[in-house]
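Novice: Dropping a prediction and its sequence here:
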Amino acid sequence: MPAVEHVKIEIEEDFMARQTRAEPVHALAELIWNSVDADASRVTVEFEFKDLALGMSKIVVYDDGHGIPRDQAKQLFGHLGGSWKRLRRRTGTKNRMVHGQEGRGRYKAFALGKSADWKVCYLAGDKPKFYTISLVERDLKDVAISDERSAPRQKPGVIVEITDLKRDFRSLHSEAALQELAEIFALYLMDFRDVTISVHGQAIDPSGLITHKQEVILPPIDDGGKNYPASLELIEWGRETKRALYLCNADGFPLSQVDARFHIGHFYFSAYLKSDYITELHNTERLGVAEMDPKLQAVVEEARTKIKDYFRQRASERAQTIVDEWKAAQVYPFEGEPTTVIERAERQVFDIVAVSVHDYTQDPRPVPAKSTALHLRMLRHALERSPSELQLIINEVLDLPRRKQQELAVLLQETTLSAVITAAKTVADRLKFITGLESILFKPERKGRLKERSQLHKIVSENTWLFGDEYYLWVNDQSLTQVLRKHKEHLDPEIVIDDPVKVVGKARGIVDLMLSRSVRRNRADDIEHLVVELKAPSVAVGDKEIAQTNKYAMAVAADERFRTVPGVRWHFWVVSNGLTDYARRMIQGGPDRNRRLVFKEDNIAVGVKTWGEIIEENRARLQFFQEHLQYIADESTALRYLQERHKRFLEGVIEEPPTEEGIDGGALETALEPTDATAAEPAA
C-alpha cells in the first residue's frame, strides 16, 4: 500500500465551514469550473445508484485536463487563498480565462457528500503519474495525499468522487438543473467552443436554447476615486428559467446571483452583470452581503432599468408583426402615426395588451374582420378609460402559468375573489402603514412637526392592530372612571361606579389609549387589559413618563373595585421613540428585562416600549405574507397611503405628493415595470 502524506491546513473552523456551503447545482458548478480551469476539453458528470429505492450513492466528475503535479498538491490543498489562478488570469496551455482564484471551489464538494477523493493523473515530462488526494468532512483540515506511481495506460485528468451523500440529489439531473447549469456556463461555453460539459449523459449546450443576446454598457462604479467598468449581458432563452441576475467578474464568470422576479410576460432570460468591482467584493468576502453595498446596489438598479427597457422594446417588436396584419386588414383602431410622446406611449401599451389578449384567445377558425375590429375598438376604449387597472389585471391573470391558474381555480371554489383581494389588500395596507409610520416618527423633518394628542394619538387609535390583532379599541382618551364604567360592562354588573378614581397628584387620571382582549380559559370573566400611554416622538421616555404610567397602575391596584374582580390582568405600556438612561436602568433592574418591564405586582405589570420595537414586531408578523405577496412598500408609496387615509390628522407633517400626469409615466410603466413588488397596490 503506498505511503500517505498528511497535510494540515491552518485555518479557523468557521471559515472552513463557510467554504462547504452551497446549493447543489452551484456546488456541482464549482467542481466543473475547477476542471475547465485545468484546461479540460471534456467534463463529464455521472451519478451512481445502489438501487432505485436507496437512491443516489455517488457523484463522479471526470475531466481530461492537465491534472495536478504531485509536488503542487500540498500547496494547492494545504492552503486556502494564494491560488495560482489569482496570479494568472489565463490557463497555461489553452490560454482560457480562469474562474476561481482562491482555491475554495473544491470544498463545495462537501455541500453534496461527507467524503471526497481526487484521483489525479498528470504528465511528469512525458510519463503519466497517478496519485490520490482524500478529504473527509469531519476533519477538513487533514488532507491525505498518497505517493505517486507510474500509470502508463492512463491519460492526464482528474476524477472527483463524492461519496456518503447527504441526501438523494436526483434534482441534479432534472431539466431545471440542466437549464441552470446552462445559464451558469452560457458565456464560457460560447467563448470556448472546444469545451463540452455533460451531466448524466445530457450535454449542456446553451447555444441551442438561446433566442437573443444583447450587451449593454453601464456607468462605471466609482469606489473612492477608482473606477470599475461595468456591463450587462442579456441572454433570452427558449424555455422557462428563473430570470436570475448573475453577479459576475469582468470575464462573465458568475460569482453570485440576485433573484430578479421580473414581470415581463412570456420572456425568459438570464442577465450577467460584469465588473471587477464584483470580483473585489468576492475576494474580500463581502459579496454575500451585496445588498448592504450601496455602490453595487446602484449598478444593480441601473441593470434592472436596462433590462426593463430591453424587454419593453422586445415586447413591442413581438407585437409588431400582428399589429401590421391588423393594419393591413384595416381593423386597427388607430389612424396614422403617433405625433406626441403620450400618443406613442398609448399606442405601445395598446399594442402589447392587444397582442397578449390575441395570444390567449386565438380561435383556430377564421374570425370575421368586423368582429376583430369591434374587439380592438372596445379594448382601446377600456384602456383609455382605466388603463392602469385593466393592464394590471390582463397582465397578471393572463401571464399566470397553467399550474397557477389551476391553483386560483381551486382557491375560488373555497373562497371568493373578493375575500382574496381583501386579505391581500389588508397585508399591503399594513405594510404601507408601518413604513409610513416609521417615516413620520423617525425622519427629522417630519417627527419634529408631529403632535402627540392631535395627530399621533388619533392615527394610532384607528390602527390598534399595531399592538396585536387580539386587541380592539375599548377606551380612547377617557378618565379612569370611564375605564371602570367600561369595565363594568364586561364584568360584575353589581359593581357601583360613582366616585372618580384618584390618581396621585391629579384630580382625574387620563388614559391615552386603552385596548382590551378577553382570554376565556376556564371562566367567562378572564379578561386582559392593555393601557397604552403614547408620547410624542420628540419625548424620550424617562423618570417623569415612567412615574406617570406607574401612577395609573397604582390607581387601578388601589381601587377596591378592581381588587375584588377575579381573573383581571392589567398591562400598562408607555411608548415613544427613545429612552433615557434612567429608563434603561429601570428596565435592566426591573422584574423582567426581556419583556422590558419596570414594575410587576400580582395582576399588574408596567413596561416601556419604543416605536422601533413595535414596528419591527409588526414587520416580523407580516414577513411571511409579504414574501409570498412579493410586495415591497417604498417610502413614497407609504407616505401617499398615510396622506390618503389620515390626511385630516397629518396637516403640516407630510408634504402633498406630486400628482402623476399622462400615460407616459403611469400606465405604460405599470404594464411593463419589472419590479419586485408584483402585487398591485391596493386602493386606500
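Specialist: Received, thanks. Please read all numbers here as calculations on a predicted model, not as lab measurements. Numbers count the residues shown, from 1 in each chain.
Novice: Check the gap between the residue nearest to residue 153 when sequence neighbours are not counted and residue 618 for me.
Specialist: Sequence neighbours aside, residue 128 is the residue nearest to residue 153 in space, at 8.0 Å (criterion: Cβ to Cβ, 6 or more residues apart in numbering). Just so you know, the C-beta spots here come from the backbone N, C-alpha and C atoms, and that holds for glycine as well. As judged by Cβ to Cβ, to the nearest Å, residue 128 and residue 618 stand 67 Å apart.
Novice: what is the mean pLDDT for whatever helix or strand the residue nearest to residue 153 lives in?
Specialist: Using DSSP states H and E, residue 128 sits within strand 127-136. Rounded to a whole number, the mean pLDDT of strand 127-136 is 92.
Novice: quick one: contacts of it?
Specialist: 2, 68, 70, 73, 77, 109-110, 114-123, 142-156 (Cβ atoms under 8 Å, 6 or more residues apart in numbering).
Novice: Show the buried residues in those residues.
Specialist: 68, 70, 73, 77, 109-110, 115-122, 143-146, 148, 151, 156 (16 or more other Cβ atoms under 10 Å).
Novice: Of the contacts of strand 127-136, which belong to helices?
Specialist: 70, 73, 77 (DSSP state H).
Novice: And those residues, which is the shakiest by pLDDT?
Specialist: Lowest pLDDT within these is found at residue 77 (78).
Novice: That one is in contact with residue 6, isn't it?
Specialist: No. Residue 77 is not in contact with residue 6 according to Cβ atoms under 8 Å; the separation is 11.1 Å.
Novice: Name the residues contacting each of the two.
Specialist: With Cβ under 8 Å, 6+ apart, residue 77 and residue 6 have common neighbours 143, 145.
Novice: Would you state the strands of the stretch 51-200 of the chain in chain order?
Specialist: Counting by DSSP state E, counting those that start in this stretch, the stretch 51-200 of the chain has strands at residues 55-63, 113-124, 127-136, 142-146, 149-150, 157-165, 196-199.
Novice: how many neighbours does the spatially closest residue to residue 229 that is not a sequence neighbour have?
Specialist: In this structure, residue 229 finds its nearest non-sequential neighbour in residue 220, 5.3 Å apart by Cβ to Cβ, 6+ apart. Counted with other Cβ atoms under 10 Å, residues neighbouring residue 220 total 15.
Novice: Pull the distance from stretch 545-553 to the chain's centre.
Specialist: Chain-centre distance of stretch 545-553: 42 Å, with Cα atoms, centre = their mean, to the nearest Å.
Novice: For the helix ranked longest in the chain, enumerate the helices and strands it packs against.
Specialist: With secondary structure taken from DSSP H, the chain has its longest helix at helix 294-328. Helix 294-328 is packed against strand 210-223, strand 226-237, strand 244-248, strand 268-275, helix 276-283, helix 341-360, helix 667-672, with contacts defined by 3 or more Cβ pairs under 8 Å, 6 or more residues apart in numbering; DSSP states H and E.
Novice: These: which one's closest to residue 370?
Specialist: For those, proximity to residue 370 was assessed by Cβ to Cβ; helix 341-360 is nearest, at 16.3 Å.
Novice: Taking helix 294-328 as reference, get the angle to the closest one.
Specialist: Helix 341-360 runs at 70 degrees relative to helix 294-328, counting by axes from the mean of the first three to the mean of the last three Cα atoms, to 10 degrees.
Novice: buried set for helix 341-360?
Specialist: 345-356, 358.
Novice: and those as CSV, adding pLDDT?
Specialist: Formatted as CSV, the buried residues of helix 341-360 follow (pLDDT from 0 to 100):
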residue, pLDDT
345, 74
346, 77
347, 80
348, 76
349, 76
350, 81
351, 79
352, 73
353, 75
354, 80
355, 78
356, 72
358, 73
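Novice: Of these, which pair is most distant in space?
Specialist: Across those, the longest distance by Cβ to Cβ is 20.3 Å; it joins 345 and 358.
Novice: Give me the distance from stretch 587-602 to the chain's centre.
Specialist: Centre-to-centre, stretch 587-602 and its host chain are 36 Å apart (Cα atoms, centre = their mean).
Novice: That one: end-to-end distance?
Specialist: End-to-end distance of stretch 587-602 (Cα to Cα, to the nearest Å): 18 Å.
Novice: next one: stretch 150-161
Specialist: Stretch 150-161 has an end-to-end distance of 21 Å (Cα to Cα).
Novice: Could you give the number of residues near residue 47?
Specialist: Residue 47: 19 surrounding residues under other Cβ under 10 Å.
Novice: residues contacting residue 423?
Specialist: Per Cβ under 8 Å, 6+ apart, neighbours of residue 423: none.
Novice: Against residue 117, how distant is it?
Specialist: Computed as Cβ to Cβ, the residue 423 to residue 117 distance reads 54 Å.
Novice: swap in residue 586?
Specialist: Remark: distance between residue 586 and residue 117 (Cβ to Cβ) = 62 Å.
Novice: you'd agree residue 63 is up against residue 39?
Specialist: No. Assessed by Cβ under 8 Å, residue 63 is found out of contact with residue 39, at 9.2 Å.
Novice: Show me which of these two is the more surrounded one.
Specialist: For residue 63 and residue 39, the more surrounded residue by other Cβ under 10 Å is residue 63, and the numbers stand at 26 against 20.
Novice: For that one, give the beta-bridge partners.
Specialist: Listed by DSSP bridges, the beta-bridge partners for residue 63 are residue 43, residue 158.
Novice: Check the gap between it and residue 192 for me.
Specialist: 14 Å.
Novice: Mind listing the shared neighbours of those two?
Specialist: residue 36.
Novice: To residue 170, which of the helices and strands packed on helix 294-328 lies closest?
Specialist: Among the helices and strands packed on helix 294-328, strand 244-248 comes nearest to residue 170, with 22.2 Å by Cβ to Cβ.
Novice: could you give the angle of that closest one to strand 226-237?
Specialist: 140 degrees.
Novice: which parts of the next helix or strand after strand 244-248 are buried?
Specialist: Sequence-wise, the next helix or strand downstream of strand 244-248 (DSSP H and E) is strand 254-259. Buried residues in strand 254-259, counted by 16+ other Cβ under 10 Å: 254-258.
Novice: Which strands or helices does strand 254-259 pack on?
Specialist: When contacts are defined as 3+ Cβ pairs under 8 Å, 6+ apart, strand 254-259 packs onto strand 244-248, helix 276-283.
Novice: most packed of these?
Specialist: strand 244-248 (a mean of 23; mean count of other Cβ atoms under 10 Å).
Novice: Neighbouring strands of that one in the sheet, and parallel or not?
Specialist: Strand 244-248 has these strand partners (DSSP bridges): strand 254-259 (antiparallel), strand 268-275 (parallel).
Novice: that older thread, just checking: what are the partner strands of the strand holding residue 128?
Specialist: Using DSSP bridges, strand 127-136 pairs in its sheet with strand 113-124 (antiparallel), strand 142-146 (antiparallel), strand 149-150 (antiparallel).
Novice: any idea which of those strands scores lowest on pLDDT?
Specialist: Of all these, mean pLDDT reaches its minimum on strand 142-146 (a mean of 89).
Novice: Quick one: residues in contact with that strand.
Specialist: For strand 142-146, contacts defined as Cβ under 8 Å, 6+ apart pick out 2-9, 70, 73-74, 77-78, 131-136.
Novice: Need the buried ones from the residues you listed selected in PyMOL.
Specialist: Buried subset of these, written as a PyMOL selection, criterion 16+ other Cβ under 10 Å:
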select buried, resi 7+70+73+77+78+131+132+133+134+135+136
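Novice: rewinding a little: now the strands paired with strand 127-136 in JSON lines, with distance to residue 595?
Specialist: Below are the strands paired with strand 127-136 laid out as JSON lines (distance: least, Cβ to Cβ, whole Å):
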{"stretch": "strand 113-124", "distance to residue 595": "43"}
{"stretch": "strand 142-146", "distance to residue 595": "48"}
{"stretch": "strand 149-150", "distance to residue 595": "69"}
